[in-house]
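sequence and predicted structure are below.
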There are 2 protein chains.
Amino acid sequence: MTSQPAAASRVDAIADDIRSRILRGEYPGETSFTETDVATRYDVARPTAKAAIEKLVSESVLERRTNKTARVIKLGPEDVRDIYFTRARLEKAVLLQLAQARSVPAGAIAAQRELEQLDGSSGFDTVDPDMRFHMALVDSIGSPRTSRMYGSLVSQVKLCMAQIQGLHLVQPERIIKEHQHLLELIEAGDGDAASNFLDEHLSRPRERLVAAVGGVPGPEAFRD
Amino acid sequence: MTSQPAAASRVDAIADDIRSRILRGEYPGETSFTETDVATRYDVARPTAKAAIEKLVSESVLERRTNKTARVIKLGPEDVRDIYFTRARLEKAVLLQLAQARSVPAGAIAAQRELEQLDGSSGFDTVDPDMRFHMALVDSIGSPRTSRMYGSLVSQVKLCMAQIQGLHLVQPERIIKEHQHLLELIEAGDGDAASNFLDEHLSRPRERLVAAVGGVPGPEAFRD
DNA sequence: CGTAAAATATTGTCTAGCAATTACTGGTAG
DNA sequence: CTACCAGTAATTGCTAGACAATATTTTACG
């Protein structure tokens, strides 16, 4: 079940590997990646390693300023809030559109099933199906650009979570329940309610993430 | 008045130059860019040219599949609609937020002045100030990620327009009037009205652009 | 005229290396 | 013992030339 179409070039293969390792939490924030390091580690020439690094920089997984070593991006409280607010902007528009058509995406239901299945396991395993649920909602409207943008936000959330150890943001049961509610509101055609509820749904993990990266969380982190 | 901070590296300089030429309409859609061509034209080594090309590919200004020559992206009717719908999703969220705070961005007013000044000139010159108006609205909420995404959509619109010769989408007077109305709705705090009016405001140029790139325009292209 | 084979172009990657910038380390002076 | 400065090492940006693999174009043959 390889969802990715196996990297064609060596550069892509290296970039894919590094990206997945970073998203897996293998490298803490601000870990530096020198070109020669990468080159020797993957046994390729330096220009190839350089290209892979630059690809990841263009994806905002690594950052680097001119003449300086590339580092894993470390997201702070400001970043977390910006990511979540931008997420919300896109996703609320999607919810309004779905509710208007009263169309409940099959992909979202599938992701919901997944979440229910792994009920009881660690909080970290819920992140992926959770994200798949939201991504499925966005994908269902068939806008490549909206999907692409939302996807980049999702991977930034993952990047952020990967850099935090024992995070338990929200109980899986709650996530499942809230997702269910969202789907029901879509089915009922109540876009405004769905849109408002999304804000609530995102606010708790948002502020808990803010706290986890060293910021001062808002009241939403503790509510209810 | 160099808005850009003069490219640091040779690669950036070349990418900037090519990008601006493409956006200026110097290269029609699907013009191919070979690495050696670029290398000789800018008198640099091939890997440098390659890097510049790949940068533009990552920005979706050029496209290329593995082992094939890079080409200027040509946007079709589907693309135009997707760009405009995605624009609308982001910008409507921004309008709601601005209306709630009843804050009329200074940057938008400035862009509006610019539009009024060049009243009477060719339709093409209105594109830039028009875009600046919308970009100013988005920038004013201070979300780097939202601005970045919106900016990429704006440059895709420009790319699209650059590939069309005698386009006269909408009269400047109308644009000015509609922008003014948007600002008034924001000031009045009526986010929903602003959001709805934006749809109207974008629908005409959207469908006319669709027609210009060879698609079948919807009725909005001709309405009143 | 159409198709297959050969020639050409183009890309992906490598090796090797140089200059410029940045980071580091150690030593000296206060 | 600390602070600052110089020299060294590490790192990046770019170049040149080369080779194999893949695309494209041309040529030659049926």
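Looks like it came in fine.

how far away from the center of its chain is the helix or strand bottoming out on mean pLDDT in chain A?
Within chain A, no helix or strand scores below helix A:106-117, which has a mean of 91 by mean pLDDT, DSSP states H and E. Distance of helix A:106-117 from the chain centroid (C-alpha atoms, centre = their mean, to the nearest Å) equals 17 Å.

quick one: contacts of it?
Helix A:106-117 has contacts (C-beta atoms under 8 Å, 6 or more residues apart in numbering or on different chains) with A:126, A:129-130, A:132-133, A:135-137, A:139-140, A:172, A:175-176, A:179-180, A:183. C-beta: built from backbone N, CA, C; applies to glycine.

which parts of it are buried?
A:107, A:108, A:111, A:112, A:115 (16 or more other C-beta atoms under 10 Å in any protein chain shown).

can you pick out the most distant pair from the residues you listed?
A:107 and A:115 (12.9 Å; C-beta to C-beta).

just the ones of the contacts of helix A:106-117 in helices?
A:129-130, A:132-133, A:135-137, A:139, A:172, A:175-176, A:179-180, A:183 (DSSP state H).

who wins for most neighbours among those residues?
Most neighbours among the ones in helices among the contacts of helix A:106-117, by other C-beta atoms under 10 Å in any protein chain shown: residue A:137, with 25 neighbours.

quick check: buried residues in the longest helix seen in chain A?
Taking DSSP H as the criterion, chain A has its longest helix at helix A:77-101. Buried residues in helix A:77-101, counted by 16+ other C-beta under 10 Å: A:77, A:79-99.

what about residue A:159, helix or strand, and which?
Element membership for residue A:159 (DSSP states H and E) is helix A:144-162.

pull the residues that contact that helix.
A:22-25, A:59-61, A:73, A:75, A:79-80, A:83-84, A:86-87, A:90-91, A:94, A:124, A:127, A:131, A:134-135, A:138-139, A:167, A:209, A:213, B:82-83, B:85-86, B:89, B:145, B:149, B:153.

again, but for stretch A:90-99
A:104-105, A:134, A:137-138, A:140-141, A:146, A:149-150, A:153, A:182, A:185-186, A:188-192, A:194-195, A:198-199, B:88-90, B:92-93.

how about the contacts made by residue A:19?
Neighbouring residues of residue A:19 by C-beta under 8 Å, 6+ apart: A:56, A:59, A:61.

one more: residue A:58?
Counting by C-beta under 8 Å, 6+ apart, residue A:58 has contacts B:55, B:58.

likewise for residue A:23?
A:61, A:155, A:158, A:159, A:162.

which one among the contacts of helix A:106-117 gets closest to DNA strand D?
residue A:139 (28.8 Å; C-beta to the nearest atom of the strand).

will you turn the contacts of residue A:19 into JSON lines that also has pLDDT and secondary structure?
Shown next, in JSON lines, are those (pLDDT from 0 to 100; DSSP: H, G, I helix; E, B strand; the rest coil):
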{"residue": "A:56", "pLDDT": "96", "secondary structure": "helix"}
{"residue": "A:59", "pLDDT": "95", "secondary structure": "coil"}
{"residue": "A:61", "pLDDT": "95", "secondary structure": "coil"}
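
nearest to chain B among those?
Relative to chain B, the closest of the contacts of residue A:19 is residue A:59; by C-beta to the nearest C-beta it sits at 8.1 Å.

distance-wise, check the residue of chain A most remote from its centre relative to chain B.
Here the centre of chain A is the reference, and by C-alpha atoms, centre = their mean the most remote residue is residue A:45, at 31.9 Å. Relative to chain B, residue A:45 is positioned 11 Å away (criterion: C-beta to the nearest C-beta, to the nearest Å).

could you do residue A:81 as well?
Distance, residue A:81 to chain B, by C-beta to the nearest C-beta: 9 Å.

so that residue is in contact with residue A:202, correct?
No. Taking C-beta atoms under 8 Å as the definition, residue A:81 is not a contact partner of residue A:202, at 10.8 Å.

okay, the residue nearest the centre of chain A and residue A:84: tell me how far apart.
Centroid-nearest residue in chain A: residue A:154, 2.3 Å away (criterion: C-alpha atoms, centre = their mean). Residue A:154 is 11 Å from residue A:84, where distance means C-beta to C-beta, to the nearest Å.

repeat for residue A:111
Note on residue A:111: its distance to residue A:84, by C-beta to C-beta, is 19 Å.

now swap in residue A:215 and tell me
12 Å.

do the same with residue A:38
In terms of C-beta to C-beta, residue A:38 sits 32 Å off from residue A:84.

what stretches of chain A score poorly on pLDDT?
A:1-6, A:119-124, A:166 (pLDDT under 70).

tell me how it divides into domains.
Here the domain parsing of chain A from automatic domain parsing is A:10-72, A:77-221.

which one of these is the most hemmed in?
Among these, domain A:77-221 has the highest mean neighbour count (mean count of other C-beta atoms under 10 Å in any protein chain shown), at a mean of 18.
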